[in-house]
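Chemist: got a structure for you, letters missing:
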Ligand SMILES: [Zn+2]
Ligand SMILES: [Zn+2]
């Protein structure tokens with residue numbers, strides 16, 4: 001299984017998963033043009049042959065390019081009913097798959113397990129994706145890591161986890177008070193500290209590849225997020241580079257391709 005994050009952050013999110021037999025996308029907050037440019041890093045992937053686009057939640061940074069991509073290539077869309085109801089382009093979704101998104105399902109041989117995440121959208125899902133040999137879990141846009149969420153993330157070969165903000169940068173930054181409060185709330189976004197605390201548990205459970213995602217451009221930097229997780233792991237005797245590899249997803253360019 002090959003995993004590439006094409007974009008991550010409040011201006012657009014998109015991750016592609018490619019196996020020898022199929023390919024899927026999780027979220028599409030990119031325009032067709034951005035997609036084409038960024039997919040040149042992933043030559044094995046033919047956008048038109050995607051077996052499905054799986055949506056975490058209806059916020060526009062996760063859905064901006066969804067209708068155009070799905071309708072152009074007739075790609076099935078998997079999205080929770082409550083997110084669909086609150087999606088501004090719901091009337092234009094022609095290839096929505098009608099099914100219970102609270103239960104696990106198959107997309108072209110891939111086993112997909114959704115799990116609920118606390119966020120201020122109508123509904124938000126993380127996903128565990130397995131091809132029978134290896135598995136990836138993805139969780140972004142979550143206010144905190146619950147015991148249940150941690151259970152879904154543990155034991156996978158790779159995890160994409162939000163590391164949204166540095167608390168001091170958020171507190172001292174220029175955001176209005178209501179926005180700071182929203183981001184910090186249990187239905188907001190995950191801080192570097194909370195992400196790095198979860199990572200200790202994940203690494204102890206055998207996770208070898210971690211991608212820090214959905215970084216705030218105003219209240220975080222890739223260096224600060226990386227150092228926070230690296231140092232917290234080091235305090236527990238877990239060495240980045242040896243025991244686990246940490247990548248940081250970017251808003252502007254595709255990530256390294258993770259192979260699991
Ligand atoms: Zn988001
Ligand atoms: Zn969101």
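Modeler: Nice, I can see it. None of these values were measured; they are calculated from a predicted model. Ligands and ions are numbered 1, 2, ... in the order given.

Chemist: would you list every one of the strands in the stretch 1-150 of the chain?
Modeler: 2-7, 14-18, 23-28, 52-54, 77-78, 105-107, 110-116, 125-130, 135-139 (DSSP state E, counting those that start in this stretch).

Chemist: Nearest to residue 248, out of the ones you listed?
Modeler: strand 2-7 (9.7 Å; Cβ to Cβ). Using the backbone N, CA and C atoms, a C-beta is placed for each residue, glycine as well.

Chemist: Is stretch 55-70 in proximity to ligand 1?
Modeler: Yes. Counting by Cβ under 5 Å from the ion, ligand 1 is contacted by stretch 55-70 at residue 61.

Chemist: picking up where we left off before, with mean pLDDT, distance to residue 61 and mean neighbour count added, can I get the strands of the stretch 1-150 of the chain in CSV?
Modeler: Formatted as CSV, the strands of the stretch 1-150 of the chain follow (pLDDT from 0 to 100; distance: least, Cβ to Cβ, whole Å; neighbours: other Cβ atoms under 10 Å):
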stretch, mean pLDDT, distance to residue 61, mean neighbour count
strand 2-7, 97, 9, 24
strand 14-18, 97, 10, 26
strand 23-28, 98, 8, 26
strand 52-54, 98, 15, 25
strand 77-78, 98, 17, 22
strand 105-107, 98, 23, 15
strand 110-116, 98, 19, 18
strand 125-130, 98, 15, 23
strand 135-139, 98, 15, 24
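
Chemist: Let me have those strands in TSV, adding distance to residue 186 as columns.
Modeler: Formatted as TSV, the strands of the stretch 1-150 of the chain follow (distance: least, Cβ to Cβ, whole Å):
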stretch	distance to residue 186
strand 2-7	25
strand 14-18	25
strand 23-28	22
strand 52-54	25
strand 77-78	26
strand 105-107	28
strand 110-116	13
strand 125-130	16
strand 135-139	15
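
Chemist: Which residues of the protein lie near ligand 1?
Modeler: Near ligand 1, when you scan the chain using Cβ under 5 Å from the ion, you find 61, 141.
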